[in-house]
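**Q** Pasting the sequence and the predicted coordinates here, then a few questions.
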Amino acid sequence: MSSEKALILDFAKTEAMKSILPHPPILSSHGANWQGIHVEYHRQPPTECPEHSLQQHSIRIMLSSTIGGAKLNGKHYGSEQWQNGQIFLAAAGTDYHPYAVEDHEFMAIALDPTQFDNTVYESANTNPIEIIPHWQKRDPLIFGIGWALKTELESGGLNGHLYVDALKNALSLHLLHRYCAQKPKLRDFEGALDRHQLQTVIDYINDYINRDLHLAELAN
């Protein structure tokens, strides 16, 4: 990608996708105060997006059948029939130039790279993390997590931030084990919470039961 064409897509910014897509999302996690993960649900007409660089680890889950293709870091992935449930996965920093020749419906999920690295490093002695791009992959677990996140948006956040954090962590660890170049070596955990520490966490939850807590807050 030349510097003249460079377009940085920072999914953490509200309406970031407006710079590459003709219609706004039907659902978006912006404003929901989710940490380290951003989710949008789209229905779009045939379109060719401008070439852009992904700032987050990105997943697209197709929710309809359509024909489309893309260039990833200059490598062309031909115009092929997408099926409902197939995914596209790419790491932060990937240059991406997609197009679709039919109406299409999809979910876009973006994971903050720093939080992703912190999450997976707590579970495996793997640093740095290199995600391998995948095109038209079927993965029932990613589809299920994506659908659960979509349902959470539709409900207005019925299950709360702990639920979203758990889905985000499960997705991050699944990517580590299935889509990273390194084979993770699980860490040996020592010094687990003793009874007093566990009771402290339980008391904290009870004291703030009416607040929507994040896992990171409980960890501290």
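**A** Done, it's in. Keep in mind the model is a prediction, meaning the values are calculated, not measured. Numbers count the residues shown, from 1 in each chain.

**Q** how's the chain carved up into domains?
**A** Annotated domains of the chain cover 8-189, 191-220 [automatic domain parsing].

**Q** Report the next helix or strand after the helix or strand where residue 87 lies in sequence order.
**A** Per DSSP states H and E: residue 87 is located in strand 86-90. Later in the chain than strand 86-90, the nearest helix or strand by DSSP H and E is strand 95-100.

**Q** Low-confidence ranges, this protein, go.
**A** 1-6, 123-128, 183-220 (pLDDT under 70).

**Q** In it, mark out all the helices, start to finish.
**A** With DSSP state H, the ranges of helices along the chain come out as 113-121, 140-154, 161-179, 195-207, 215-219.

**Q** Out of those, which is closest to residue 132?
**A** Among those, the nearest to residue 132 by CB to CB is helix 161-179 (5.6 Å). Every residue, glycine included, has its C-beta placed from N, CA and C.

**Q** What residues of that closest one count as buried?
**A** Neighbour counts over helix 161-179 (16 or more other CB atoms under 10 Å) mark 161, 164, 165, 167, 168, 169, 171, 172, 173, 175, 176, 179 as buried.

**Q** now swap in stretch 59-69 and tell me
**A** Neighbour counts over stretch 59-69 (16+ other CB under 10 Å) mark 59, 60, 61, 62, 63, 66, 68, 69 as buried.

**Q** And the residues you listed, which is closest to residue 103?
**A** Nearest to residue 103 among the buried residues of stretch 59-69, with distances taken as CB to CB, is residue 66, at 6.9 Å.

**Q** quick one: that closest one and residue 98, what's the gap?
**A** 11 Å (CB to CB, to the nearest Å).
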